[in-house]
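Colleague: The following block contains a protein sequence and its predicted model.
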Amino acid sequence: QVQLYESGGGLVQAGGSLRLSCAASGGTFSRYAMGWFRQAPGKEREFVAAISRSGGTTTYQDSVKGRFTISRDNAKNTVYLQMNTLKPEDTAVYYCAADYLGVGYSREGRQYDYWGQGTQVTVSS
């Protein structure tokens with residue numbers, strides 16, 4: 001079983017940047033495709049980005065394309081989400097998730113097997 005621990009959230013002004021990290025333990029990290037999701041107050045959870053097991057394939061929600069970058073370091077058992085040009089509408093709790101033997105482009109939360117506890121990102125205008 002994999003445990004996931006997000007970090008790097010915080011308060012930032014619009015136009016600023018943050019880098020989220022998600023450290024995995026308890027499993028073979030390279031066997032998991034990884035995703036980032038977010039949930040804003042009063043809204044449903046939504047897909048943000050995903051990356052394949054090798055890191056060779058990535059996919060993004062349209063609203064973050066060109067601003068966010070997902071990456072992973074299998075040697076460090078960590079997946080990252082670099083967020084640039086942040087907007088107030090990016091405010092949410094961000095979750096990382098692991099999809100065992102996944103192909104790396106699933107946008108469906110139900111496809112993922114393990115989830116972290118979330119980290120708050122707040123973007124002020």
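Modeller: It's in. Numbering: from 1, shown residues only.
Colleague: so where do the strands sit in this structure?
Modeller: 3-7, 10-13, 18-25, 32-39, 46-51, 58-60, 68-73, 78-83, 92-100, 114-115, 119-124 (DSSP state E).
Colleague: Could you report the separation of the closest residue in space to E108 that isn't next to it in sequence from G10?
Modeller: The shortest distance from E108 to any non-neighbouring residue, by CB to CB, 6 or more residues apart in numbering, is to F47 (7.6 Å). C-beta: built from backbone N, CA, C; applies to glycine. The gap separating F47 from G10 is 22 Å, by CB to CB, to the nearest Å.
Colleague: Next: R38.
Modeller: On the measure of CB to CB, R38 and G10 end up 14 Å apart.
Colleague: Those two: who's more crowded?
Modeller: R38 (22 against 13; other CB atoms under 10 Å).
Colleague: isn't that one right up against Y94?
Modeller: Yes - counting by CB atoms under 8 Å, Y94 is a contact partner of R38 at 4.8 Å.
Colleague: what residues do those two have in common as contacts?
Modeller: Taking CB atoms under 8 Å, 6 or more residues apart in numbering as the contact rule, R38 and Y94 both touch 48, 121.
Colleague: Bridging across strands, which residues link to the residue nearest to F68 when sequence neighbours are not counted?
Modeller: Once flanking residues are discounted, F68 sits nearest to M83: 5.1 Å by CB to CB, 6+ apart. Beta-bridge pairing for M83 (DSSP bridges): L18, F68.
Colleague: okay, now M83: neighbour count?
Modeller: M83, neighbours per other CB under 10 Å, totals 26.
Colleague: Check what pLDDT it gets.
Modeller: According to the prediction, M83 has pLDDT 98.
Colleague: is it true that it touches G15?
Modeller: No - with contact defined as CB under 8 Å, M83 does not count as touching G15 (11.4 Å).
Colleague: what's Y105 in contact with, if anything?
Modeller: So Y105 contacts 33, 50, 52, 57, 59 (CB under 8 Å, 6+ apart).
Colleague: how much space between the closest residue in space to T69 that isn't next to it in sequence and S71?
Modeller: Leaving out its chain neighbours, the residue that sits closest to T69 by CB to CB, 6+ apart is Q82, at 4.4 Å. Noted for Q82: a distance of 7 Å to S71, by CB to CB.
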